[in-house]
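**Q** the following comprises the amino acid sequence and a computationally predicted model.
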Amino acid sequence: QLQEMAGKDTQKGARLARTYLQLSYKRKRIVSMAKSRTACVCRLLNGIDQRKQVLVFGESILQIEQLYTILNNMYPARVGRYHSKMGSDANRNTLERFRDGSLRILLTCRALDEGLDVPEAAVGIILSGTSMERQRLQRLGRILRQSNGKRMACLYYLFVADSREDRAYFPERLE
């Protein structure tokens with residue numbers, strides 16, 4: 001309804017709807033790009049067994065590229081990225097290296113949400129997510145896939161407290 005209202009040219013309500021939508025998008029972007037998320041991922045990775053492969057999901061290519069730069073310095077030649085601007089050959093190469101164990105950490109946006117199988121990943125980190133339940137389930141499915149020697153999987157959701165994210169991930173959260 002708000003989208004429809006924003007599409008009208010002449011009404012004051014349409015201008016207000018457009019402004020509200022623009023500000024809502026800006027707020028979502030600020031929350032999803034919070035720098036503390038990157039620091040949290042780095043701390044988490046330091047505590048995860050170095051033999052486990054990790055899949056990190058973000059919401060934007062910019063965010064993934066920034067995190068890649070940081071992690072590649074921490075774990076040289078052990079971090080890969082997979083997203084739509086990489087090109088199909090680069091993405092295929094990255095997946096092959098992750099599957100054969102050459103890469104320990106794979107960073108991605110929405111590109112791996114559906115259709116690709118990466119059962120090697122035993123740990124997932126949702127760097128920034130979405131309120132769409134289907135997308136959250138797809139990401140969980142990437143980590144829960146069975147693989148030789150994988151007995152357990154772990155998924156971390158990073159979220160900003162008192163935002164819409166915590167209500168999306170934890171609707172019954174009382175604090």
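**A** In hand now; what should we look at?

**Q** residue 77 should be in a helix, yeah?
**A** No - if the criterion is DSSP: H, G, I helix; E, B strand; the rest coil, then residue 77 is coil and not within a helix.

**Q** against residue 58, how distant is it?
**A** Distance of residue 77 to residue 58, given as CB to CB, to the nearest Å: 21 Å. The C-beta positions use only the backbone N, C-alpha and C, and glycine is treated the same way.

**Q** looking at the two, which is more packed in?
**A** Set side by side, residue 77 and residue 58 show more neighbours around residue 58, with 29 against 10, by other CB atoms under 10 Å.

**Q** let me see the contact set for that one.
**A** The contact partners of residue 58, by CB atoms under 8 Å, 6 or more residues apart in numbering, come to 64, 67, 107-109, 127-128.

**Q** cutoff 6 Å now
**A** Contact partners of residue 58, counting by CB atoms under 6 Å, 6 or more residues apart in numbering, are 64, 109, 127-128.

**Q** between these, which is nearest residue 19?
**A** residue 128 (24.2 Å; CB to CB).

**Q** tell me, how many residues neighbour that closest one?
**A** Neighbours around residue 128, by other CB under 10 Å: 23.

**Q** one more: residue 22?
**A** Number of residues near residue 22 (other CB under 10 Å) recorded here: 11.

**Q** wasn't it part of a strand?
**A** No - using three-state DSSP, the assignment for residue 22 is helix, not a strand.

**Q** how near is it to residue 61?
**A** 21 Å.

**Q** okay, buried residues for stretch 77-92 please.
**A** For stretch 77-92, burial by neighbour count (16 or more other CB atoms under 10 Å) applies to 78-83, 86, 91.

**Q** where in this structure is the helix or strand with the lowest mean pLDDT?
**A** Every helix and strand in the chain was compared by mean pLDDT, DSSP states H and E; the lowest is helix 164-169, with a mean of 52.
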